[in-house]
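Novice: sequence first, predicted coordinates after that:
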Amino acid sequence: MTTITVTETPLLLHTLRLADSALVLAQRLSEWCGHAPMLEEDLALANIALDLLGQARALYGYAAEVEGAGRDEDAIAFLRDAPQFRNLLLVEQPNGDFAQTILRQFLFSAFMHPYWSAGAASRDGTLAAIAAKAEKEAAYHVRHSGEWVIRLGDGTDESHARILAALDELWPYTGEMFEVDAIDRVMIDAGIAPDPLFVRAAWDATVDRTLTEATLARPAAGWMQSGGRRGAHSEHLGHLLAPMQHLQRAYPGARW
Amino acid sequence: MDPATLRQRAMEAAGAVVDPEMPVLTIADLGVLRDARVAPDGAVEVDITPTYSGCPAMALITAQVEAALRAAGLPSPRVRTVLHPAWTTDWMTDAGRDRLRAHGIAPPPPRASRRSWFGADEPVPCPRCGSAATEKLSEFGSTACKALWRCTACHEPFDHFKCL
């Protein structure tokens, strides 16, 4: 069993946080492939997963370059254990029903769209280029998931109850997106990372407008979950990584 | 051969490679082919850029460009993937848009950079009958770059190359 440990400089940790969230959500969405409620949605979820996987690959490739230890994107994605993953707790939450999956996507994409938009002005040229492309993809993701949130919330009693349950379940995971620790501060001050404080207004506006149209009340501000970005994960992450990493762990260096 | 001739030959050879998912378009039509040069070590270097972050065709395009360069007599070619500036549908040539339409795929509207993301969709004319009476069936289609639409005049479904 090969396990690697990446030496996390501020730039590397920042890049891994973005990459890990994209990869973990891509993997979650891929679980729907062949199981979505209708063909169009099956394609949509797989397409969104593919966009996120592409973003993750570009970010891992850059992380490998920054680390300069001769590793590639695959090594960083497949050979780290769960406590070394830096993704948001939100994206590792189980798919639940379709309402929970689509709400998780909406809450995440409504943040990432303005985040990438601001990130396109990063002083780091590679991160800026990745952000410029990801912003447009995220725009499709937030629009698609937002339309579903409205349809489910303002739909039948059953669909309303389900999206409401999803909102109660997932809301405590939204606070982590806006956290700024010492590493984030270094990256923000260097002009490399956007300040999530400035993304907050755009996220609030998108969420409030969508929830209102969906006839859903915004949950009260309250206690928020935290930990994913420093490696303290829910029990769900290990179960997600096991099938994803199995092949590279069992057959190190295997290639197609 | 002098560097300028080598570069031109590389651009022509690489530019003739077709997109594996939309073989009516070359990578020059798409704007995926960015540039070519002779590197200090004498090798010919070609830059390509992905359309979507997760475009699964990039590995195959890279292999096909290398093969095309070798076939054109350019030794030890290198293909680099560049991310900056980010590709948008504005990079697609007019000839490429015409070929897409002739193939039954509605091309992306021009001026992607000025598009509003959250307003109503701009009308997409049917690539078969030209009618503007069309509707979106699904934002996501058979490949990452396409959405599924339907014409309510001639009743044909069609792919629309999404604006990015």
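Specialist: Cool, got the structure.

Novice: rest of the way, CA atoms for contacts and neighbours
Specialist: Noted.

Novice: all helices for the stretch 51-200 of chain A, in order.
Specialist: For the stretch 51-200 of chain A, the helices defined by DSSP state H, counting those that start in this stretch occupy A:73-78, A:89-92, A:98-119, A:125-153, A:157-170, A:182-189, A:196-213.

Novice: do chain B as well
Specialist: B:3-15, B:27-30, B:58-71, B:94-102 (DSSP state H).

Novice: quick revisit: can you check which of the helices of the stretch 51-200 of chain A gets nearest to residue A:232?
Specialist: helix A:89-92 (8.7 Å; CA to CA).

Novice: so for that closest one, what's the average pLDDT?
Specialist: The pLDDT scores in helix A:89-92 average 98.

Novice: same deal with stretch A:213-223?
Specialist: 95.

Novice: buried set for that stretch?
Specialist: For stretch A:213-223, burial by neighbour count (16 or more other CA atoms under 10 Å in any protein chain shown) applies to A:213-216.

Novice: before we move on, back to that, how about the helices of the stretch 51-200 of chain A, which one is nearest residue B:149?
Specialist: Residue B:149 lies closest to helix A:125-153 among the helices of the stretch 51-200 of chain A, at 15.2 Å (CA to CA).

Novice: give the rounded mean pLDDT of that closest one.
Specialist: 95.

Novice: which residues sit in contact with residue 32?
Specialist: Since no chain was named, I'll use chain A. A:42, A:45-46 (CA atoms under 8 Å, 6 or more residues apart in numbering or on different chains).

Novice: I was after chain B.
Specialist: Residue B:32 touches B:48-51, B:87, B:91, counting by CA under 8 Å, 6+ apart.

Novice: swap the cut-off to 7 Å and go again
Specialist: Taking CA atoms under 7 Å, 6 or more residues apart in numbering or on different chains, we find residue B:32 in contact with B:48-51.

Novice: can you lay out those residues as a markdown table showing neighbour count?
Specialist: Output for the contacts of residue B:32, formatted as a markdown table (neighbours: other CA atoms under 10 Å in any protein chain shown):
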| residue | neighbour count |
| --- | --- |
| B:48 | 23 |
| B:49 | 21 |
| B:50 | 22 |
| B:51 | 22 |
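
Novice: distance to chain A and pLDDT added to those, as JSON lines?
Specialist: Converted to JSON lines, the contacts of residue B:32 look like this (distance: CA to the nearest CA, whole Å; pLDDT from 0 to 100):
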{"residue": "B:48", "distance to chain A": "14", "pLDDT": "96"}
{"residue": "B:49", "distance to chain A": "11", "pLDDT": "94"}
{"residue": "B:50", "distance to chain A": "9", "pLDDT": "91"}
{"residue": "B:51", "distance to chain A": "9", "pLDDT": "88"}
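
Novice: quick revisit: chain A: which of the helices of chain B is closest?
Specialist: helix B:58-71 (10.8 Å; CA to the nearest CA).

Novice: quick one: average pLDDT of the closest one?
Specialist: Here the average pLDDT along helix B:58-71 is 94.

Novice: alpha carbons only: can I get that helix in PDB?
Specialist: C-alpha atoms of helix B:58-71 as PDB (Å, rounded to 0.1, in the frame of the first residue of the first chain):
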ATOM      1  CA  MET B  58      -7.800  16.200 -25.100                       C
ATOM      2  CA  ALA B  59      -5.700  13.100 -24.800                       C
ATOM      3  CA  LEU B  60      -6.700  11.800 -28.200                       C
ATOM      4  CA  ILE B  61      -6.300  15.200 -29.800                       C
ATOM      5  CA  THR B  62      -2.800  15.400 -28.300                       C
ATOM      6  CA  ALA B  63      -1.900  12.000 -29.800                       C
ATOM      7  CA  GLN B  64      -3.400  12.900 -33.100                       C
ATOM      8  CA  VAL B  65      -1.500  16.200 -33.400                       C
ATOM      9  CA  GLU B  66       1.800  14.400 -32.600                       C
ATOM     10  CA  ALA B  67       1.100  11.800 -35.300                       C
ATOM     11  CA  ALA B  68       0.100  14.600 -37.800                       C
ATOM     12  CA  LEU B  69       3.400  16.400 -37.100                       C
ATOM     13  CA  ARG B  70       5.400  13.300 -37.500                       C
ATOM     14  CA  ALA B  71       3.600  12.500 -40.800                       C
END
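
Novice: any buried residues in that helix, and which?
Specialist: Buried-residue list, helix B:58-71, by 16+ other CA under 10 Å: B:58, B:61-62, B:64-69.

Novice: stretch A:23-38 too?
Specialist: Buried residues in stretch A:23-38 (16+ other CA under 10 Å): A:23-33, A:36.

Novice: distance from it to the middle of the chain?
Specialist: In terms of CA atoms, centre = their mean, to the nearest Å, the centre of stretch A:23-38 is set 13 Å apart from its chain centre.

Novice: how deep is the residue in the stretch 101-250 of chain A that chain B sits nearest to tucked in, by neighbour count?
Specialist: In the stretch 101-250 of chain A, the residue that lies nearest chain B is residue A:129 (5.1 Å; CA to the nearest CA). Each residue near residue A:129 was counted by other CA atoms under 10 Å in any protein chain shown, and the total is 22.

Novice: I'd say it and residue A:122 touch.
Specialist: No: the criterion here is CA atoms under 7 Å, and residue A:129 misses it with residue A:122 at 8.8 Å.

Novice: surely residue A:42 touches residue A:31?
Specialist: No: contact criterion CA under 7 Å: residue A:42 and residue A:31 do not qualify, at 10.3 Å.
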